[in-house]
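S.K.: Show me the folded form of this:
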Amino acid sequence: MRRTITAALILLMATALLPVVTSATDGGSAAPCLACHADTAAAFRATPHALNLPADAANSTTETRCAACHGDGMHHMANPAGSGLIIKFADAEPATVNSRCQTCHADTHSPGPDAHSRAGLACTSCHTVHDKTANDAARHSQNRPGFKTSVMPASLATIDAGSATCFACHQESFTQFQFNERHRLVEGSMTCADCHDPHAPGGGARLGAFRDAACTECHVDAGGPFMFEHAASKTEGCIACHAPHGSPNRHLLTHQQTGELCYSCHVVVPQFHLGFSPVGGPRFDERTQCTNCHVTIHGSNLDRNLLR
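M.R.: Below is the predicted model:
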């Protein structure tokens, strides 16, 4: 009996030495994680993970929520310097991080590897979990917690936080949004995710061939179906002729002259396009406006040569 009482007193004294931090978000319970990580927990309250908890988790403690991602912290509390006792996302391999996130987000993310994971990126390369408020609020008029962003030029300050995350790696694409002919990302009318699914499986050209459905969701008139399709739409898709982010040419074309663009693929043309004079120049060349005759350039239900 005396040993039991002594053990209980030791446990009570040890517990009393831990700082007790309570809040509305941890159900009013003392959370041992907060004893050392109070700053992290305070920042966590403004993140999507804290704000979008399911109803049955409304009264769960902060400790419970920490363990959901980092694992059981009891051994870590006994030996804070020990390695491998909890999952530390900053040091974990990308595959470990992604696997842990998939335990909850499997329904919204593809089971197969996507282009980002193939490149060795982890979920935490783009998303933050604990703190995403102060830095973004100073840079974005549409602040959305949960994304990592980098310092951007003032001309891009109106884009959403998700697209700002893409800017950190895809700066070449964002340069194209500075052209006079462009999709309206800079104006805040659209986001990168409107066309690109960052979690989609596979790799390669994200909008090529059959993936041009991302284009035809908005450009319905160019999507068909057509009895006679423009052959390029079966292989390269819209990007065979158009630069999707921006271009110095009208209609986001990849070439300044329409004829130059058409001849880049159609190197073999009927004889009457070239003319019949042995000394004169060709009847039609790269300066020709091919669409004066081939008016249904995306596809036709009447003419295989897209003349009507």
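
S.K.: Look at Q256 and say how many residues are nearby.
M.R.: Residues near Q256, counting by other Cβ atoms under 10 Å, number 12. In this view, the C-beta of every residue, glycine as well, is placed from N, C-alpha and C.

S.K.: Run through the residues that contact it.
M.R.: The contact partners of Q256, by Cβ atoms under 8 Å, 6 or more residues apart in numbering, come to P248, N249.

S.K.: pLDDT wise, what is it at?
M.R.: We have a pLDDT of 93 for Q256.

S.K.: Ok, R3 next?
M.R.: Note for R3: predicted pLDDT of 49.

S.K.: Same check on V279?
M.R.: Reported pLDDT for V279: 78.

S.K.: Chain neighbours aside, what residue packs nearest to E260?
M.R.: E286 (4.0 Å; Cβ to Cβ, 6 or more residues apart in numbering).

S.K.: I figured that neighbour hits V267, correct?
M.R.: No - E286 is beyond contact range of V267, at 11.6 Å (criterion: Cβ atoms under 8 Å).

S.K.: Pick out whichever of those two has more residues nearby.
M.R.: The neighbour comparison of E286 against V267 (other Cβ under 10 Å) goes to E286, with 16 against 6.

S.K.: ok so, going back, list the contacts of the residue nearest to E260.
M.R.: Per Cβ under 8 Å, 6+ apart, neighbours of E286: Q257, G259, E260, Y263.

S.K.: List buried residues within those residues.
M.R.: Buried members of the contacts of E286, counted by 16 or more other Cβ atoms under 10 Å: Q257, G259, E260, Y263.

S.K.: what about the residue nearest the centre of the chain, distance to T216?
M.R.: Most central in the chain under Cα atoms, centre = their mean is P198, positioned 3.9 Å from the mean C-alpha point. Distance of P198 to T216, computed by Cβ to Cβ, to the nearest Å: 20 Å.

S.K.: And T128, by the same measure?
M.R.: 34 Å.

S.K.: Which of these two has more residues huddled nearby?
M.R.: T128 (20 against 16).

S.K.: Look at that one and report its pLDDT.
M.R.: With respect to pLDDT, T128 has a value of 82.

S.K.: same deal with R139?
M.R.: R139 carries a pLDDT value of 39.

S.K.: and what of the one 10 residues further on?
M.R.: Looking at T149, its pLDDT is 69.

S.K.: Check M13 too.
M.R.: We note a pLDDT of 39 for M13 in this prediction.

S.K.: What of the one 5 residues further on?
M.R.: According to the per-residue confidence, L18 scores 36 in pLDDT.

S.K.: Number the residues from 637 up from this point.
M.R.: Sure thing, new numbering starts at 637, so read that last one as L654.

S.K.: What about R923, how many residues nearby?
M.R.: Neighbour tally, R923, other Cβ under 10 Å: 9.

S.K.: Can you read off the pLDDT for it?
M.R.: For R923, the pLDDT comes out at 89.

S.K.: host element of it?
M.R.: Element membership for R923 (DSSP states H and E) is empty, with no helix or strand holding it.

S.K.: what residues are up against it?
M.R.: Counted by Cβ under 8 Å, 6+ apart, R923 has contacts Q893, G895, E896.

S.K.: what's the spacing between the nearest residue to the first one once chain neighbours are set aside and H902?
M.R.: Spatial nearest neighbour of Q893, excluding adjacent residues (Cβ to Cβ, 6+ apart): E922 at 5.5 Å. With distances defined as Cβ to Cβ, the gap from E922 to H902 amounts to 11 Å.

S.K.: And for D848?
M.R.: 20 Å.

S.K.: go on, H745?
M.R.: Relative to H902, and taking Cβ to Cβ, H745 is found at 42 Å.

S.K.: Neighbour count: these two, which is higher?
M.R.: Between H745 and H902, H745 has the larger neighbour count (other Cβ under 10 Å), namely 19 against 12.
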